[in-house]
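[1] Next input, structure requested:
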Amino acid sequence: MYSDKPNILQLVALLKTHGIRQVVLCPGSRNAAIVHSLAVDADFVCHRVTDERSAGFYAIGLALSTQSPVAVCCTSGSAVVNLFPAVTEAYYQGVPLVLITADRPEAWIGQMDGQTMPQRSVFGSLVHSSVYLPEGKDEEELWHINRLINEALLAATHHAGGPVHINVPLSEPLFNFTTKQLPKVRTIRRLSLSALSDSSGANNLIRQLKQIGAQAKRIMILVGQLPPSQRQTLQLLEALLPKAVLLKEHLSGQIDSTSEFIDNFDALLAGLNYGEANDYCPDLLITLGGHIVSKRIKQFVRSYKPREHWHLSPRGEVVDLFGGLTLVIEGELKNWEGCLFDEAIHWGDSSYRQLWQEHSSRLTQPQFLYSAMQAVGSLLALMPNGCAIHLANSSAVRHAQLYPLPHDTEVLCNRGINGIEGSLSAALGYAKASERTNFIIIGDLSFFYDMNVLGADKVGENVRILLLNNSGGGIFRGLRGMPHDAPSFGSIMGAHGQSAKAWAEDCGLVYHAVRSSEELEQVLPALCSEEASSPLVVEVFTSMDEDTELLQAYYQQL
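    As a prediction, the model looks like this:
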């Protein structure tokens with residue numbers, strides 16, 4: 001019988017699925033439940049060593065002899081730092097040690113409780129990964145535990161390999177050994193080209209993955225934000241997986257494509273009913289790139305998890321956005337073309353792609369009354385080809401996704417951390433070194449937060465700014481559960497009554513104000529003209545409430 005602690009059960013199960021069999025056990029009470037759960041499982045070879053200093057080096061010897069990762073488990077407090085000499089040696093030798101340290105609950109650290117000390121990240125830069133496990137009180141914590149353990153165990157053998165630290169806080173009671181079986185756990189694998197030449201295990205994994213791909217009927221490729229240097233990956237994926245449905249946002253970039261990438265999937269998902277949704281979920285999800293803006297696609301995939309989720313990652317990071325990651329493919333896709341994906345042209349069923357494409361084609365482009373959405377759509381319709389578009393975060397990047405882009409458009413946005421700060425500065429810095437006409441679509445809070453940059457350097461003639469001013473953070477107006485009549489709402493949404501007119505003109509920009517559809521129609525041709533000799537800003541004043549109501553009505557009628 002195993003311990004009843006969820007984090008211990010996940011840990012023991014994942015040690016097994018990652019092939020770790022040799023464990024060195026040190027005595028103690030706080031780690032007793034971990035020791036017990038390892039010792040009662042016949043799949044582990046357990047070695048008892050009392051002194052943690054010796055235990056660490058004993059584990060190094062085992063790892064070097066077996067050429068496999070070895071775990072060493074100790075109790076809390078000073079026992080942990082007694083592993084430090086071995087950790088140092090393992091780090092500089094590149095020996096894969098898995099350091100499992102029991103801990104008191106964090107609330108008791110520094111409170112004169114016995115054998116307590118700050119153990120989180122105690123080994124500093126001398127471990128390749130250091131994780132602090134939750135105790136597993138709900139489903140989200142269980143997912144978090146699983147991901148953290150997978151990350152740490154993968155790091156032990158990544159590249160040159162080395163020690164990793166898994167710290168396990170445990171509350172009393174400690175000695176309930178009532179669990180008959182280990183849970184079925186999600187195991188994340190990492191596949192790297194560097195491991196193929198000398199690893200039969202990696203080549204066996206390749207064969208398993210090819211079998212999974214061949215059996216998958218519904219394959220979805222979902223692309224996040226991509227830098228220009230990686231956008232040829234989209235064309236290669238399209239060639240390798242012609243039966244897959246390909247979903248991308250504007251931040252993924254434009255490519256010359258023989259087939260249709262679906263970029264209106266946010267509207268498509270908004271119109272799905274519960275009965276239809278199962279038909280649209282994939283068996284195999286392949287993701288690449290950075291942030292994805294659409295909240296609906298995140299909720300959809302998290303609710304209808306595919307059996308397999310493969311993430312293409314040049315640096316090999318574990319990114320589990322949808323809670324079901326099973327494989328990280330490290331490296332550039334072009335290097336995998338003749339290996340993992342050499343038979344991918346036969347994978348999938350084209351009827352799944354057709355289902356998405358036919359639904360996508362039935363959706364008409366939205367038509368809004370005067371609003372921030374109308375302003376963005378009208379600008380994109382008039383904008384010349386070959387421009388650069390800079391989208392500020394919050395509403396601007398989401399409104400732009402409602403409409404198609406002009407041809408050969410470079411799309412940029414600060415989606416690394418998704419903050420509103422710096423949108424204007426980053427755009428002006430890009431424009432200064434760019435030969436394209438640069439359009440900036442930005443909300444009022446983002447603009448006013450960052451407007452000092454207009455006076456820091458002369459703004460180039462190739463800059464065009466569409467400023468959406470609805471007197472605050474309009475995106476907060478549409479959040480479910482937000483109490484709009486609460487005294488705090490004005491502070492939450494950053495309510496204001498400012499205009500950019502005086503500052504824009506002071507900084508040498510040609511300024512236009514817009515308060516109706518008619519004025520918008522009159523002003524936008526000047527904003528889109530390639531013959532303008534000065535930077536321009538068009539400030540579009542709209543009602544936050546009306547913008548929100550129009551947008552909600554659009555999604556409700558889908």
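
[2] who's in contact with stretch 208-219?
    Here stretch 208-219 makes contact (Cβ atoms under 8 Å, 6 or more residues apart in numbering) with 191, 241, 243-245, 281-286, 307-308, 310, 327, 340-341, 343-344, 346-349, 352. Quick note: C-beta positions are derived from backbone N, CA and C, even for glycine.

[3] Filter those down to the buried ones.
    191, 241, 243-245, 281-286, 308, 310, 327, 340-341, 344, 347-348, 352 (16 or more other Cβ atoms under 10 Å).

[4] Sitting in strands, which of those residues do you find?
    Leu191, Val245, Leu284, Leu285, Ile286, Glu308, Trp310, Leu327 (DSSP state E).

[5] of all those, which comes closest to Ala553?
    Val245 (28.2 Å; Cβ to Cβ).

[6] just checking, the closest one touches Tyr352?
    Yes - taking Cβ atoms under 8 Å as the definition, Val245 is a contact partner of Tyr352 at 6.2 Å.

[7] Overlap of the contact sets of those two?
    Contacts common to Val245 and Tyr352, judged by Cβ under 8 Å, 6+ apart, are Arg218, Ile219, Pro282.

[8] will you turn those residues into CSV that also has distance to Pro366 and pLDDT?
    CSV is the format used below for those (distance: Cβ to Cβ, whole Å; pLDDT from 0 to 100):
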residue, distance to Pro366, pLDDT
Arg218, 28, 97
Ile219, 29, 97
Pro282, 26, 97
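
[9] Quick check: of the residues you listed, which lies closest to Gly386?
    Ile219 (33.2 Å).

[10] Asn203 and Leu191, how far apart?
    Distance of Asn203 to Leu191, computed by Cβ to Cβ, to the nearest Å: 10 Å.

[11] what residues does stretch 446-456 touch?
    Residues contacting stretch 446-456 (Cβ under 8 Å, 6+ apart): 392-394, 396, 420-425, 428, 465, 467, 469, 496, 498, 500, 503-504, 506-507, 509.

[12] could you redo the last one with a cut-off of 6 Å?
    Here stretch 446-456 makes contact (Cβ atoms under 6 Å, 6 or more residues apart in numbering) with Ala392, Ile420, Glu421, Ser423, Leu424, Ser425, Leu428, Leu467, Trp503, Cys507.

[13] distance between that stretch and the chain's centre?
    29 Å (Cα atoms, centre = their mean, to the nearest Å).

[14] Show me which residues of it are buried.
    Ser446, Phe447, Phe448, Tyr449, Asp450, Met451, Val453, Leu454.

[15] Among those, which ones are in helices?
    In helices, defined here by DSSP state H, the members of those are Ser446, Phe447, Phe448, Tyr449, Asp450.

[16] Tell me the confidence at Val49?
    As predicted, Val49 sits at a pLDDT of 97.

[17] any chance you could read off phi and psi for it?
    Backbone geometry at Val49, expressed as degrees, to the nearest 10, gives phi -140, psi 120.

[18] how many other residues sit next to it?
    18 (other Cβ atoms under 10 Å).

[19] Just give the nearest non-adjacent residue to it, would you?
    The shortest distance from Val49 to any non-neighbouring residue, by Cβ to Cβ, 6 or more residues apart in numbering, is to Ala55 (3.9 Å).

[20] wait, isn't that neighbour in contact with Cys26?
    Yes - Ala55 is within contact range of Cys26, at 5.1 Å (criterion: Cβ atoms under 6 Å).

[21] quick one on the thing from earlier: if you count neighbours, what's buried in the helix or strand encompassing the residue nearest to Val49?
    If you go by DSSP states H and E, Ala55 is part of helix 52-66. Using 16+ other Cβ under 10 Å as the test for burial, helix 52-66 gives Glu52, Ala55, Gly56, Phe57, Tyr58, Ala59, Ile60, Leu62, Ala63.

[22] show me the contacts for the closest residue in space to His407 that isn't next to it in sequence.
    Distances taken as Cβ to Cβ, 6+ apart put Asn385 closest to His407, at 4.3 Å, once the chain neighbours are dropped. With contacts defined as Cβ under 6 Å, 6+ apart, Asn385 is in contact with Pro406, His407, Asp408.

[23] roughly how far apart are Pro242 and Gln211?
    Using Cβ to Cβ, which is the criterion applied here, Pro242 is 20 Å from Gln211.

[24] Of these two, give the one with the bigger neighbour count.
    A direct count of neighbours by other Cβ under 10 Å for Pro242 and Gln211 places Pro242 higher, at 17 against 10.

[25] Look up the closest residue to the more buried one, ignoring the ones flanking it.
    Nearest one to Pro242, counting by Cβ to Cβ, 6+ apart, is Ile345 at 6.2 Å.

[26] burial count for the one you found?
    12.

[27] do Gln498 as well
    13.

[28] From Phe447, how far off is it?
    For Gln498, the distance to Phe447 - Cβ to Cβ - is 9 Å.

[29] and what of Gly162?
    47 Å.

[30] Neighbours of Ser351, how many?
    Ser351 - counted by other Cβ under 10 Å - has 10 other residues nearby.

[31] can you pull the pLDDT of it?
    pLDDT, read off for Ser351, is 96.

[32] any low-confidence regions in the stretch 351-500 of the chain?
    Residues of the stretch 351-500 of the chain that meet the criterion pLDDT under 70 lie in 473-494.

[33] Strands of that one, start to end?
    388-391, 410-412, 438-443, 463-469 (DSSP state E, counting those that start in this stretch).

[34] Show me what the longest one is packed against.
    Using 3 or more Cβ pairs under 6 Å, 6 or more residues apart in numbering; DSSP states H and E, the elements in contact with strand 463-469 are strand 438-443, strand 536-541.

[35] on that earlier part again, distance-wise, check the residue nearest to His407 relative to Arg436.
    10 Å.

[36] ok, which stretches of the stretch 451-558 of the chain are helices?
    474-477, 489-493, 501-506, 517-528, 544-556 (DSSP state H, counting those that start in this stretch).

[37] export the ones you listed to JSON lines and tack on distance to Arg207 and mean neighbour count?
    Output for the helices of the stretch 451-558 of the chain, formatted as JSON lines (distance: least, Cβ to Cβ, whole Å; neighbours: other Cβ atoms under 10 Å):
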{"stretch": "helix 474-477", "distance to Arg207": "47", "mean neighbour count": "21"}
{"stretch": "helix 489-493", "distance to Arg207": "54", "mean neighbour count": "15"}
{"stretch": "helix 501-506", "distance to Arg207": "62", "mean neighbour count": "15"}
{"stretch": "helix 517-528", "distance to Arg207": "54", "mean neighbour count": "16"}
{"stretch": "helix 544-556", "distance to Arg207": "45", "mean neighbour count": "16"}
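
[38] May I see those arranged in JSON lines, with distance to Ile297 as well?
    Putting the helices of the stretch 451-558 of the chain into JSON lines (distance: least, Cβ to Cβ, whole Å) gives the following:
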{"stretch": "helix 474-477", "distance to Ile297": "18"}
{"stretch": "helix 489-493", "distance to Ile297": "26"}
{"stretch": "helix 501-506", "distance to Ile297": "36"}
{"stretch": "helix 517-528", "distance to Ile297": "31"}
{"stretch": "helix 544-556", "distance to Ile297": "14"}
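
[39] Can you tell me which of the ones you listed is nearest to Ser361?
    helix 544-556 (18.2 Å).

[40] Can you show me the CA trace of the closest one as PDB?
    C-alpha atoms of helix 544-556 as PDB (Å, rounded to 0.1, in the frame of the first residue of the first chain):
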ATOM      1  CA  MET A 544     -17.200  51.700 -23.800                       C
ATOM      2  CA  ASP A 545     -20.700  50.400 -23.100                       C
ATOM      3  CA  GLU A 546     -21.800  50.500 -26.800                       C
ATOM      4  CA  ASP A 547     -18.500  48.800 -27.900                       C
ATOM      5  CA  THR A 548     -19.100  46.000 -25.400                       C
ATOM      6  CA  GLU A 549     -22.700  45.500 -26.300                       C
ATOM      7  CA  LEU A 550     -22.000  45.400 -30.000                       C
ATOM      8  CA  LEU A 551     -19.200  42.900 -29.600                       C
ATOM      9  CA  GLN A 552     -21.300  40.700 -27.300                       C
ATOM     10  CA  ALA A 553     -24.200  40.800 -29.800                       C
ATOM     11  CA  TYR A 554     -21.900  39.800 -32.600                       C
ATOM     12  CA  TYR A 555     -20.700  36.700 -30.800                       C
ATOM     13  CA  GLN A 556     -24.200  35.800 -29.600                       C
END
